[in-house]
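>>> Got a predicted structure plus its sequence, pasted below:
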Amino acid sequence: MFAVPPASAVESPARPTLRMRRTFDAPRALVWAAWTRPEMTVQWMGPVEWPAVTVKQDLRVGGEWRICLRSPETGQDLWQGGVYREVIAPKRLVFTFRWDESHEDGPPVDTLVTVQLDETADGRTVMDFTHEGLKSEQSLTGHRHGWNSTADRLAAWLAEHPHD
């Protein structure tokens, strides 16, 4: 008789995870709105080389989101989307993330993004950002650049919209 190994023993090795912490000079309610209101999200989402041109969000657990990023240089579009897993206003957003087509390292895979927002005593917002399940170190490097550039664009947008 053969014993079945525990599930943890047969799982594949953990895929890379991106972790990022940023502090924004903006109240948590505004940072939350920036992540959850399509008319705001489209203004800062995407790295500088691939800014968003379309954002659609059905902000509820089980609701879908879709974003189109477009290269200003070539006009090429990159579509991504997923499903919301947790929506806890104004502090936690968890959603799946998947490119529509093959990207940096082959066919797309489902990954998981968690955005945790905590307000500081002085009214700023700390964002703990995690993107789990990336396919490879190459994908981790690409997403690290993309999400850091996106966070820079969010910081600039928040500075221009302090009272939205």
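All right, it came through fine.
>>> How about the secondary structure of the residue most central in space within the chain?
Nearest to the geometric centre of the chain sits residue 113, at 5.3 Å (CA atoms, centre = their mean). When classified by DSSP: H, G, I helix; E, B strand; the rest coil, residue 113 comes out as strand.
>>> Quick check: which ranges of the chain have low pLDDT?
Low-confidence segments of the chain, defined by pLDDT under 70: 1-13, 104-105, 163-164.
>>> for it, which strand is longest?
Scanning the chain for the longest strand, with DSSP state E as the assignment, gives strand 77-88.
>>> Name the next helix or strand following it along the chain.
Remark: after strand 77-88, the chain's next helix or strand is strand 92-99, criterion DSSP states H and E.
>>> one step back: show me which positions of the longest strand of the chain end up buried.
Neighbour counts over strand 77-88 (16 or more other CB atoms under 10 Å) mark 78, 80-84 as buried. (Each C-beta comes from the backbone N, C-alpha and C, glycine too.)
>>> contacting residues for the closest residue to residue 63 other than its chain neighbours?
The spatial neighbour of residue 63 that comes closest, neighbours along the chain excluded (CB to CB, 6 or more residues apart in numbering), is residue 84 at 5.0 Å. If you count contacts by CB atoms under 8 Å, 6 or more residues apart in numbering, residue 84 has them with 58-65, 93-95.
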